[in-house]
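> Fold the stuff below for me.
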Amino acid sequence: MKVVIIGGVAGGATAAARLRRLDESAQIIIIERSGYISYANCGLPYYISGVIAHREALTLQTPESFWERFRIDARVNQEALSIDPGKKTVTIRKLEDGSLYEESYDDLILSPGAKAIRPALPGIDHPRIHTLRTVEDALFLREVAVSKGVQKAVIIGGGFIGLEMAENLVHAGIKTTLLQRSGKVMPPLDGDMASQLHLYMRKKGIDLQLNAPVRGFFPAPDQVFVQLKDGRELPADLVILSIGVQPDSHLAKEAGLALGEKGAIIVDEGMRTSQPHIYAVGDAVQIRHFVSGRPALVSLAGPANKQGRIAADQICGKHSVYTGAQGSSVLKMFDMTVAATGLNETAAKAAGIPYDKVVTFSASHATYYPGAENMTVKTLFSTRTGQILGAQIIGFQGVDKRIDVLATGIRARMTGHDLTELDLAYAPAYSSAKDPVNMAGFVIENLQQGLVRQFHWDQVSSLAQDPSVTLLDVRTPEEFAQGHIPGALHIPLDALRENLSILEQWKKIYVYCYSGLRSYIACRILTGFGFEVWNLSGGYRFYRFNSDQVSYDESPRFPCGLPL
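Purely as a prediction, here's the structure:
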């Protein structure tokens, strides 16, 4: 058996190693157009800043190490030019001398990845405008950042690479502006969660400009100017394009393979394409989203690795299938951690799934143990079944642990009630007896059992104008004095029972506190006395983040000494 793999990195290299483990006699060839067969793509921004000091740390395997351990023929600096499915051959060019040759195959695996989008804007080919996709890109950008006297950089796009580049350029002492076309960064986040990240980025020195589409570029001595659609012009020594990627599927298209969204290669659950004996994996393929069931493109290393393994299994006769991705991801932004899994609100609406959401504010570990910090947890669930659809978390400690638990819960099709039943590890330095994941489950369960009704931050302004509504703040006098929703009536929680006569029984009572916990208790009290009540999801703090009441001089880092 002879298997040719086009493309290394996550999907192709994983497929090759798995093939060898399953079949010692197979002839395995990898064709890789860059100079590196398997490298830490996600670590490239950290090399540019010097956080990862040595280039060797980025290289996971070399052609030599692949041969020595696996007897895999890994050919770098060679580019596949065309595929002939009828003859089962690939035409390849050696980039060093331009010579061509043909390689036959019994089975072919395509792992071409995705390519950075370069829009057709005026001046886009200026030599100071770059993308970051390969080790070669990272080596060049580090040389530029360190040796060429770069003082001002502009990053265009607020996806993962753009955000990581912004952090690392600031680490390198470079004044950095990030331009985002839309009103928020990081696509997996909803806007009301991203607002906290925006605040923190600005606090850390990144000039984040939202709703700032670019019109084009024009040269200046030793610089390039970025021209925005509003007419402003920003000078830069370096521009990084990070506006997204698109499947690198031209080989597949020319070979007659069926393509789907954005030109991605259509595959079945065994990673087979529409042509016999040709498989495809990684960023270039269209897969099924695990939660929505809709076609999706998920450009992440974890799914690519799994797909490579499955393609190898199928070639070797093992029944192995890919059941879909849910897009679990995590981002480091200085000390902050941002994570998401499953569907956000935009995706849930697009899929036509009836959903609701809860926003909880939980400590990373027991508050009596030093160093606890709060995290914001947003959890989406089906209003029909209670099943968890997605989650987003922002915080400084313990975020990765909780998003992984919630990702596992989504994979197991758990409900809010199931989250309450999870038996999670507890010690004061690591968690609380009621873990933040349990807490999200409790809130969902309370809603579904009818113990409480909720309203959201974006409803506040209209409610404040409704004469049939009372907005009730149950925080302490000190908290109320520091800031509150305009027009809110103030009755501290512990004095509520003694002051019920202040409330008009015929009005609907919309209650809030700092995080949603004390106001839930108030809702239960008021319900017991016959009032119609609703609780503000996420509390005053979440409303404040999303109603332009927070100064950029404030920090979203909340030690647990603040009221909960």
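> how far does stretch 68-86 sit from the chain's center?
Chain-centre distance of stretch 68-86: 32 Å, with CA atoms, centre = their mean, to the nearest Å.
> got the end-to-end distance for that stretch?
33 Å (CA to CA, to the nearest Å).
> pLDDT on it, on average?
Averaged over stretch 68-86, pLDDT sits at 97.
> ok, residues contacting that stretch?
Under the criterion CB atoms under 8 Å, 6 or more residues apart in numbering, residues 6, 8, 16-17, 20, 27-37, 61-63, 66-67, 89-96, 100, 108, 251-252, 254-256, 275-278 lie in contact with stretch 68-86. All C-beta spots, glycine's among them, are computed from the backbone N, C-alpha and C.
> how about that stretch: buried residues?
Phe70, Ile72, Asp73, Ala74, Arg75, Val76, Gln78, Ala80, Ile83, Pro85 (16 or more other CB atoms under 10 Å).
> strands paired with the one helix or strand the fourth one maps to, and their directions?
Per DSSP states H and E, Ala74 falls inside strand 73-76. Each strand that pairs with strand 73-76, with its direction, by DSSP bridges: strand 27-32 (parallel).
> Can you show me the CA trace of the partner strand as CSV?
Only the C-alpha atoms of strand 27-32 are listed here, as CSV (Å, rounded to 0.1, in the frame of the first residue of the first chain):
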residue,chain,number,x,y,z
GLN,A,27,4.9,3.3,1.8
ILE,A,28,4.1,6.7,3.2
ILE,A,29,5.1,10.0,1.5
ILE,A,30,4.3,13.5,2.7
ILE,A,31,4.6,16.5,0.3
GLU,A,32,4.9,19.8,2.1
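> what's the strand or helix carrying Val358 packed up against?
Element membership of Val358 [criterion: DSSP H and E] is strand 355-363. For strand 355-363, the packing partners by 3 or more CB pairs under 8 Å, 6 or more residues apart in numbering; DSSP states H and E come out as helix 345-350, strand 374-382, helix 436-448, helix 539-545.
> So for the last one, what gets flagged as buried?
The reference is to helix 539-545. For helix 539-545, burial by neighbour count (16+ other CB under 10 Å) applies to Gly539, Tyr540, Arg541, Phe542, Tyr543, Arg544, Phe545.
> Give me the distance between Glu143 and Gly173.
16 Å (CB to CB, to the nearest Å).
> I should have written Leu389 there, sorry.
For Leu389, the distance to Gly173 equals 42 Å [CB to CB].
> Ile29 now?
Distance of Ile29 to Gly173, computed by CB to CB: 44 Å.
> on that earlier part again, and Leu389 and Gly173? which has more neighbours close in?
Using other CB atoms under 10 Å as the criterion, Leu389 and Gly173 rank with Leu389 on top: 25 against 11.
> What helix or strand is the more buried one located in?
Leu389 belongs to strand 388-395 when assigned by DSSP H and E.
> for that strand, the distance to its chain's centre please.
The mean C-alpha position of strand 388-395 is separated from the chain mean by 11 Å, CA atoms, centre = their mean.
> In the sheet, which strands lie alongside that strand, parallel or antiparallel?
strand 336-342 (antiparallel), strand 374-382 (antiparallel).
> any idea of the mean pLDDT in the shortest one?
The average pLDDT for strand 336-342 rounds to 98.
> Repeat that for the last one.
Average pLDDT, strand 374-382: 97.
> cool, stretch 30-50 as well?
87.
> List the buried residues of it.
30-41, 43-49.
> Make TSV out of the strands paired with strand 388-395 and add mean neighbour count and distance to Arg215.
Below are the strands paired with strand 388-395 laid out as TSV (neighbours: other CB atoms under 10 Å; distance: least, CB to CB, whole Å):
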stretch	mean neighbour count	distance to Arg215
strand 336-342	25	30
strand 374-382	24	35
